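Q: coords below, sequence missing:
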């Protein structure tokens, strides 16, 4: 294992590594993915060519590609959520069967909502432009959403300890890396709170009455990429103070083991790059919000914060049902 | 008084109203202020013309103006912190005496540090390019820094109440508006913690041993403007839980009165636009971090967060002395 020790800024930059989308599009010849005139993602040229081939093989091709503008859109007839979602599912099914995209070998059977202009920032509507199999979200470079829960407990002395999960060595992504006690993507149109309750039960054996104590403390946002593609992501970050006698247990095989560590132990593992990058970013946000990392003890304080709160160039959806909830 | 009720997003946008600097520069014909090849601010054309006139009247003009590039820089000889600070002070003294800039009537006798490239983000050095009288910071549109302290107390029931200050009717800016219990700019090269202690004592009568309990919970960043000019600003936000029997008192005439309000009372005053805009942003950040505003009860949750965490197009300085402090 890598024995190097990194700065916290290095670590959060490993997560927020993409930088400016326009520059990336120009440098790598990406195609912008535009729906209803709104930018919702970006795809590699090779993925777009394979997508086009499958799309064009259909009686009514659902996608339109403009090579001059380097833009991917839906065909005119594919003009609402239902038609788009069905057409995308059909095309992805063919690509998967043909073994075209490596990502599709990790098919999740979980739908991510892609948000567009309608209702995304305006009044009314949930803003969903279409639904997309999670495994393909990287290929389209669409904005994704998740929940990460910092599980802590407070000793009688007042000292805070943090529960850390080691990911299963069988996980499809980042096996053996460290993670929050509980974290997961928001899929299948679920709400933020519902996703917390679901993941708490599945990943950490945290019962609903304890999960309900989790406090949403904001978000982190970053633009990351992996070998699978681009991932502009918003994570709702939760703090959950657990009773001293609570011990989490993995319920679904995604976690190898749980550890209750001091703040120093957690930060040492952060600096040694032992955390999955976006989980590291979530820990760093916790350490800042609770005053463990400060302008005095962390020279890159302001630059770290910039890398935890990136404005993403895609619509911000509304998860709330109403202003009065 | 305005009886309207606004959305929280409206309120934070009143603070973060500038948007993209490049667009503003193009739309209003601003001059970029560049030091050592690094963008550090932006100034109006009329301010630059007055500055040039005074600068050019000197034997060694300290400023250079490029009308074609619309760029303000220091003259070549004015190449270090001391020379620049002295030259700026001399020019501002003349402008003040001539009554040239309205802002200078509110001379503060407080120096703001302007950070440039050297050491701003790199290793070593404090990155200070020069020092500038606070009142003129708006004219140069340089990035400024401050501390805002959310003072709360916890009732025996566990309920949180927040101390709110009403600004003196004699304040130069935003008289009568609501404010944090304590807030102030970081001036004269002070550190973040030292600024907290100073403002706690001066503005709220909070003794050093209580001020030391304040926890830095991150920053808010916004790009605002007033009739005085542009203000790209970073506020270090602190949470300070005060004892139940503590009552703040104004020590320096800047505060009219203090009020201990419920979360609902505070949010009602936020929505009625009774807070100074950047203080409102600081309250909203508190309400998000502590789970009073949530993705469920606030439809604009994600857009609000984007407006509280703007990446500023100017160098991020280091306030820490060392990584090991």
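A: Thanks, I have it. Predicted model, so just to flag it, every value in this text is computed and none were measured.
Q: for the lengthiest helix in chain A, which positions count as buried?
A: Of all the elements of type helix in chain A, the one with the most residues (DSSP state H) is helix A:81-97. For helix A:81-97, burial by neighbour count (16 or more other CB atoms under 10 Å in any protein chain shown) applies to A:81, A:83, A:84, A:85, A:87, A:88, A:89, A:91, A:92, A:94, A:95, A:96. (C-beta placed from N, C-alpha, C; glycine too.)
Q: next: stretch A:95-114.
A: Here stretch A:95-114 shows A:95, A:96, A:100, A:101, A:103, A:104, A:108, A:110, A:111, A:112, A:113, A:114 as buried, counting by 16+ other CB under 10 Å.
Q: what sits up against that stretch?
A: Applying CB atoms under 8 Å, 6 or more residues apart in numbering or on different chains, the external contacts of stretch A:95-114 come out as A:35, A:40-41, A:47, A:50-51, A:54, A:85, A:92, A:126, A:128-140, A:142-145, A:172-173, A:185-189, A:227-229, A:317.
Q: please list which of those are also close to chain B.
A: residue A:317 (CB under 8 Å from any CB of the partner chain).
Q: tell me which of the contacts of stretch A:95-114 fall in helices.
A: Those of the contacts of stretch A:95-114 mapping onto helices are A:47, A:50, A:51, A:54, A:85, A:92, A:137, A:138, A:139, A:140, per DSSP H.
Q: which one of those residues is nearest chain B?
A: Out of these, the one with the shortest distance to chain B is residue A:137. That distance is 17.8 Å, counting by CB to the nearest CB.
Q: identify the residues contacting the closest one.
A: Remark: with contacts taken as CB under 8 Å, 6+ apart, residue A:137 is in contact with A:112, A:144, A:229, A:231.
Q: just the element for the first one, please.
A: So the one you mean is residue A:112. When elements are assigned from DSSP states H and E, residue A:112 belongs to strand A:111-115.
Q: one more: the last one?
A: Using DSSP H and E, residue A:231 maps to strand A:229-241.
Q: who are the contact partners of residue A:146?
A: Taking CB under 8 Å, 6+ apart as the definition, contacts of residue A:146 comprise A:183, A:184, A:185, A:186, A:195, A:233, A:234, A:235, A:236.
Q: ok so, going back, most neighbours, which of the contacts of residue A:137?
A: residue A:112 (25 neighbours; other CB atoms under 10 Å in any protein chain shown).
Q: so how far is chain B from it?
A: 16 Å (CB to the nearest CB, to the nearest Å).
Q: equivalent analysis for residue A:59, please.
A: As judged by CB to the nearest CB, residue A:59 and chain B stand 39 Å apart.
Q: residue ranges in the stretch 101-250 of chain A under the pLDDT threshold?
A: The stretch 101-250 of chain A contains residues with pLDDT under 70 at A:118-125.
Q: and it, which residues reach chain B?
A: Taking CB under 8 Å from any CB as the contact definition, the stretch 101-250 of chain A meets chain B at A:121, A:191, A:192, A:193, A:215, A:216, A:217, A:218, A:219, A:221, A:234, A:236.
Q: which other residues reach the helix or strand where residue A:10 lies?
A: Secondary structure from DSSP H and E places residue A:10 in helix A:8-15. Identification of contacts with helix A:8-15 by CB under 8 Å, 6+ apart yields A:222, A:224, A:270-271, A:273, A:275, A:277-278, A:280-281, A:284, A:293, A:298, A:300, A:303-304, A:307-308.
Q: give me the angle between it and strand A:229-241.
A: Angle between the axes of helix A:8-15 and strand A:229-241 is 130 degrees (criterion: axes from the mean of the first three to the mean of the last three CA atoms, to 10 degrees).
Q: next SSE after helix A:8-15?
A: Read in the C-terminal direction, the helix or strand following helix A:8-15 is helix A:21-28, with elements assigned using DSSP H and E.
Q: circling back to that earlier point, helices and strands around the strand holding residue A:231, which ones?
A: Contacts defined by 3 or more CB pairs under 8 Å, 6 or more residues apart in numbering or on different chains; DSSP states H and E place strand A:229-241 against strand A:38-43, helix A:137-140, strand A:144-154, helix A:192-204, strand A:215-226, helix A:277-289.
Q: relative to helix A:21-28, how tilted is that strand?
A: Using the same axes, to 10 degrees, strand A:229-241 lies at 140 degrees relative to helix A:21-28.
Q: and the angle for the following helix or strand past strand A:229-241 with helix A:192-204?
A: Taking DSSP H and E as the definition, the helix or strand that follows strand A:229-241 towards the C-terminus is strand A:255-262. An angle of 100 degrees separates the directions of strand A:255-262 and helix A:192-204 when computed by the same axes, to 10 degrees.
Q: list the neighbouring strands of strand A:255-262 plus their orientation.
A: strand A:160-167 (antiparallel) (DSSP bridges).
Q: report the distance from the helix or strand that the partner strand is followed by to the chain centre.
A: Once strand A:160-167 ends, the next helix or strand along the chain (criterion: DSSP H and E) is strand A:178-180. Averaged C-alpha coordinates place strand A:178-180 at 14 Å from its chain's average position (CA atoms, centre = their mean, to the nearest Å).
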